[in-house]
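have a look at this prediction, sequence included:
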Amino acid sequence: MIKRFYNYYISPDKGLAHKFKDVLGFVPNNISLFKLAFFHKSMNSGTRTEVSNNERLEYLGDAILSTIVAEYLFKKYPTQNEGFLTKMRSKIVKRKTLNQVAGSMGLDMILSDYSQGILSQSMLGNALEALVGAIYIEYGYRKTRDYVIENILMQHLDVHQLESVDDNYKSLLLEWAQKHGKEVEYKLISKSKLNKRDRFKVGVVINGKQEASAEDFNKKSAEQTASSLVLNKLNIQE
């Protein structure tokens with residue numbers, strides 16, 4: 001309580017503490033930890049070390065978030081089978097959904113304090129995962145689970161709407177290929193740097209012929225976009 005009071009009213013970071021309160025609904029004790037959750041690797045300068053970004057917190061938050069979502073769905077859908085639960089979890093924790101949820105939460109209001117350029121959608125999702133990691137370190141699993149369910153899943157996500165949505169284009173393409181005896185490969189065409197960030201170009205090859213390619217800062221996102229292009233090109237019904 002005393003530490004949160006200091007952070008909110010006295011600390012040199014009190015302006016940031018006010019943003020945390022407005023956006024997240026609470027003031028953290030370890031404000032440095034939560035600052036790190038919003039520091040993307042593309043923002044590193046020569047004075048910062050390789051671990052002075054949110055990648056490690058993102059790694060932890062990704063695992064914690066997946067566990068929380070799995071538990072939440074297990075209790076919410078007591079009669080559904082493993083396949084349904086796995087698909088629903090994938091829809092919730094995938095990059096596109098997390099980017100949208102982070103935007104709805106207003107995490108860009110905090111990220112803008114650190115960004116040295118234009119904020120990308122993937123930076124929002126990364127920050128959300130890192131935030132979950134920071135909450136877990138500070139409060140433990142139970143409080144993190146309650147916060148994620150009550151303040152993220154229930155407020156910024158329409159789970160029932162996701163039931164009827166299937167935009168896992170890679171999965172759809174692979175299912176089509178299996179059904180029709182086609183061989184699908186995903187090949188990394190190139191890897192480059194843009195604004196200090198890795199950018200991947202991925203090609204989709206069907207029976208030895210490249211049908212489409214796409215670029216993104218996330219390899220999995222590039223695969224999804226390229227798969228969507230193939231579905232459209234070959235007029236494959238989704």
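Done, it's in.

what distance do you get for residue 133 to residue 193?
Separation of residue 133 from residue 193 (Cβ to Cβ, to the nearest Å) stands at 26 Å. Quick note: C-beta positions are derived from backbone N, CA and C, even for glycine.

who's more crowded, those two?
More crowded of residue 133 and residue 193, by other Cβ atoms under 10 Å: residue 133, with 25 against 9.

I'd guessed that one sits against residue 60; true?
Yes: at 3.7 Å, residue 133 counts as touching residue 60 under the criterion of Cβ atoms under 8 Å.

the helices in the protein, which residues?
2-9, 14-24, 31-37, 55-76, 82-93, 95-105, 108-111, 121-139, 141-147, 154-156, 159-163, 169-179, 219-233 (DSSP state H).

now do the fourth one: distance to the chain's middle.
So the one you mean is helix 55-76. 11 Å (Cα atoms, centre = their mean, to the nearest Å).

buried ones in it?
Neighbour-count burial for helix 55-76, with 16 or more other Cβ atoms under 10 Å as criterion, is recorded at 55, 57-58, 60-62, 64-70, 72-73.

try stretch 160-179
For stretch 160-179, burial by neighbour count (16+ other Cβ under 10 Å) applies to 168-170, 172-173, 176-177.

and stretch 140-156, by the same measure?
144-145, 147-149, 152-153, 156.

CA atoms only for it, dumped as CSV, please.
Output of stretch 140-156 as CSV, limited to C-alpha atoms (Å, rounded to 0.1, in the frame of the first residue of the first chain):
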residue,chain,number,x,y,z
GLY,A,140,1.0,-14.7,-8.3
TYR,A,141,-1.2,-17.0,-10.4
ARG,A,142,-4.6,-16.7,-8.6
LYS,A,143,-4.8,-12.9,-8.8
THR,A,144,-3.4,-12.9,-12.3
ARG,A,145,-6.1,-15.4,-13.4
ASP,A,146,-8.8,-13.3,-11.8
TYR,A,147,-7.5,-10.1,-13.3
VAL,A,148,-7.3,-11.7,-16.8
ILE,A,149,-10.7,-13.2,-16.7
GLU,A,150,-12.5,-10.2,-15.1
ASN,A,151,-10.7,-7.3,-16.7
ILE,A,152,-9.5,-8.7,-20.1
LEU,A,153,-11.6,-11.7,-21.3
MET,A,154,-15.0,-10.6,-20.0
GLN,A,155,-14.6,-6.9,-20.8
HIS,A,156,-12.7,-6.8,-24.1
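
lowest pLDDT pick from the buried residues of helix 55-76?
Among the buried residues of helix 55-76, residue 55 has the lowest pLDDT, at 93.

that residue against residue 39, yeah?
No: the criterion here is Cβ under 8 Å, and residue 55 misses it with residue 39 at 9.6 Å.

residue contacts, the most centrally placed residue in the chain?
Centroid-nearest residue in the chain: residue 125, 3.4 Å away (criterion: Cα atoms, centre = their mean). When the contact criterion is Cβ atoms under 8 Å, 6 or more residues apart in numbering, the partners of residue 125 are 95-96, 98-99, 101-102.

need the contact list for residue 207.
Residues in contact with residue 207 (Cβ under 8 Å, 6+ apart) are 182-183.

pLDDT wise, what is it at?
pLDDT, residue 207: 95.

roughly how far apart are it and residue 169?
Distance, residue 207 to residue 169, using Cβ to Cβ: 19 Å.
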